[in-house]
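Asker: Return a 3D structure for these sequence lines:
(2 chains)
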Amino acid sequence: MAESVASLLRRSLDHLATEVPESYHHLLRVLGPLLVEIEVDGELFWMRGGRRLDVTDSGNGAAGARIATSRAAILDLLDDEMALGEAVEAGHVVVRGSLDDVVRAHDTLMAYAHAAVRAPSVPGLLEALREGTPGR
Amino acid sequence: MTTRSTVLPRSDFLRAPVLATARPEGYKEWHHFVVYRPDWRLLVNFSLTCETHPVRPPRLVPRVIVVAHDRRWTGVVERFDDVEPDVSPDLGGLAVRGNQMTLSHDGYRVVIDLPHHDIRGQLHFTPSGRPSVVVVTNEPVGDGRLNWLFVPRLRAHGWFRLCGREHRFEGDLAYHDHNWGRFRWGDDFGWTWGSVLPTTADDPWSFVFTCRTDRRRLHALAQVLHVWHYDRPIAVFRDAAVTLHSSGLLGRPPDCTLPPPMRLVLGGDASDVPASIEITAHRSGGEVRLNFRPQGYARLAQPSEVALDRSVLLYETSGTASVTGIIDGEAIDFVGAGVFELLHG
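Answerer: Residues are numbered from 1 along each chain as shown, chains lettered A, B, ... in the order given. The predicted model follows:
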């Protein structure tokens, strides 16, 4: 059975905290108090900050930004098959929330991506995501 | 024909085992090969980068980069996190899993084996005659220092499989450089680095151009145009004797971004790859005018080591180069192929 995206995200955050701590703390600062709801192919989870980044199975309905996407779309973005703007325009990535929260969610995604490309262990998680995605 | 010479083994050996062991922070080293065919360019790069870790000791992380231009650029950056690079005792050989580079008296043997990407090849780069090597040491790049040497003209024999096609090389012209030093990607430096070779192997001219700048490219810190006639360095134009002028914009997106996940952090596809690069050089008894017109480019991205939220872009461009001029009574008038690397901060 494929590993859940929430689990992969949790493991990636652990890697960022140990391998690139400056980038991890930068990510924490960018996310700030925002609670982000993420849905990937029906799998629902939340990411929040504080003293550390947590991925939880419950958000108490208080999310400021809501993102819905698929494993295939995430891989298309990471494989350079599609740009983020194209994915949003095509509805492969759907983002909802106030403008400020959507901008903060975007900046958080960029901070996460900058941290991930600096962490040696993260590419292995990408392969785990690929293995759990039909047709990849 | 190959020539037995100690020039390459004496000068082009790996420095990392000594220098990176002595002081690992910021150490980088890479061997770079470019093969020129009339309608095809192949870039192969072996690199070692010293990476520090908050808990573990620093280590040299090997990468193998293969980029090729047919009608478009395509390629791969393969990073080997779980492999210790195997350096031969004479410092002339580097092996990373099935990939090898071996330096000997008769040139360089390169084996590429990246089965996940269906990329394989065996290449033998040989000098024709006594190899001509240029060594440049201790050049400032930001707060760091970079050393390099290059061999402007080699012959490539062998084969290479990429994108489902196998290419054979029978004496195609090639270029090689080797770089090592300590610096940080994203520091205050940039460069334009180009090699121009003829499209026919019997044409005697070869050109290598380097220009180091600050990151914003407002100041040229050093620039040199090297000219070879057959295997003889016939002219070197430096600094004030050289003028670099870029004009227009190529105005097309990159053919590829490597590694692909970096496109996410780069955002858009806009670039400042120019439509034309004009290099003019003058000295007593000689002048050269070189015009390079990029036709496409690959975008190689590195995370900045200076800022947490920035990246460094290397544009690998391929195109046509026309050169005219005269040096010591030898007229130059040829159209060749150029590969220019643009590091734009």
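Asker: From now on I want contacts and neighbour counts done on CA atoms only, so please keep to that.
Answerer: Noted.
Asker: Residue 8: what secondary structure?
Answerer: Since no chain was named, I'll use chain A. With DSSP: H, G, I helix; E, B strand; the rest coil as the basis, A:Leu8 sits in helix.
Asker: that answer is for a different chain, and I need it for chain B
Answerer: Relying on three-state DSSP, one would call B:Leu8 helix.
Asker: check contacts around residue 77.
Answerer: No chain specified, so I'll use chain A. For A:Leu77, the contact set (C-alpha atoms under 8 Å, 6 or more residues apart in numbering or on different chains) comprises A:83-84, A:87, B:261, B:264.
Asker: looking at chain B here, not the other one
Answerer: Neighbouring residues of B:Val77 by C-alpha under 8 Å, 6+ apart: B:63-66, B:258-259.
Asker: 6 Å instead?
Answerer: Contacts for B:Val77 (C-alpha atoms under 6 Å, 6 or more residues apart in numbering or on different chains) come out as B:65, B:259.
Asker: Okay, it and B:Thr6: tell me how far apart.
Answerer: Distance, B:Val77 to B:Thr6, by C-alpha to C-alpha, to the nearest Å: 32 Å.
Asker: And the residue of chain B closest to chain A?
Answerer: Residue nearest to chain A within chain B: B:Pro261 (4.3 Å; C-alpha to the nearest C-alpha).
Asker: quick one: low-confidence parts of chain B?
Answerer: B:1-4, B:345 (pLDDT under 70).
Asker: just the residues of it that are near chain A, which are they?
Answerer: Proximity of chain B to chain A (C-alpha under 6 Å from any C-alpha of the partner chain) is limited to residues B:260-261, B:265.
Asker: 8 Å instead?
Answerer: B:53-55, B:81, B:257, B:260-265, B:267-268, B:303, B:308-310 (C-alpha under 8 Å from any C-alpha of the partner chain).
Asker: Are the lengthiest helix in chain A and chain B in contact anywhere?
Answerer: If you go by DSSP state H, chain A has its longest helix at helix A:99-116. Yes. Against chain B, helix A:99-116 shows contacts by C-alpha under 8 Å from any C-alpha at A:110-111, A:113-115.
Asker: Toward the C-terminus, what is the element adjacent to that helix?
Answerer: Using DSSP states H and E, the helix or strand that directly follows helix A:99-116 along the chain is helix A:122-131.
Asker: Give the other helices and strands that that next one contacts.
Answerer: If you count contacts as 3 or more C-alpha pairs under 8 Å, 6 or more residues apart in numbering or on different chains; DSSP states H and E, helix A:122-131 packs onto helix A:5-19.
Asker: Please list the outside residues in contact with the helix it packs on.
Answerer: With C-alpha under 8 Å, 6+ apart as the criterion, helix A:5-19 contacts A:23-25, A:40, A:43, A:45, A:53-55, A:115-116, A:119-122, A:125, A:128-129, B:53-55.
Asker: Drop anything exposed from those residues.
Answerer: The neighbour-count test (16 or more other C-alpha atoms under 10 Å in any protein chain shown) marks A:23-25, A:40, A:45, A:53, A:55, A:115-116, A:119-122, A:128-129 as buried among the contacts of helix A:5-19.
Asker: about what we covered before: which residues does the residue of chain B closest to chain A contact?
Answerer: B:Pro261 sits next to A:77-80, A:117 when contact means C-alpha under 8 Å, 6+ apart.
Asker: rerun that using 10 Å as the cut-off
Answerer: With contact set as C-alpha atoms under 10 Å, 6 or more residues apart in numbering or on different chains, B:Pro261 has these partners: A:75-81, A:113-114, A:116-117, A:123, B:301.
Asker: how about B:Ser322, what does it touch?
Answerer: Residues in contact with B:Ser322 (C-alpha under 10 Å, 6+ apart) are B:196, B:198, B:278, B:289-293, B:332-338.
Asker: Kindly report the same for B:Val55.
Answerer: A:18-19.
Asker: and it, how far is that from A:Leu16?
Answerer: Counting by C-alpha to C-alpha, the gap from B:Val55 to A:Leu16 is 13 Å.
Asker: got it, and B:Asp106?
Answerer: Here B:Asp106 is placed at a distance of 46 Å from A:Leu16 (C-alpha to C-alpha).
Asker: Just want to know which of those two has more residues nearby.
Answerer: Taking other C-alpha atoms under 10 Å in any protein chain shown, B:Asp106 and A:Leu16 do not tie; A:Leu16 has more neighbours (25 against 22).
Asker: Tell me the spacing between the more buried one and A:Val122.
Answerer: Taken as C-alpha to C-alpha, the span from A:Leu16 to A:Val122 is 8 Å.
Asker: what touches both of the two?
Answerer: Common neighbours of A:Leu16 and A:Val122 are listed as A:115-116 (criterion: C-alpha under 10 Å, 6+ apart).
Asker: Whichever residue of chain A sits closest to chain B: what's it in contact with?
Answerer: Residue nearest to chain B within chain A (C-alpha to the nearest C-alpha): A:Leu78, separated by 4.3 Å. A:Leu78 makes contact with A:72, A:84, A:113, A:126, B:259-264, according to C-alpha under 10 Å, 6+ apart.
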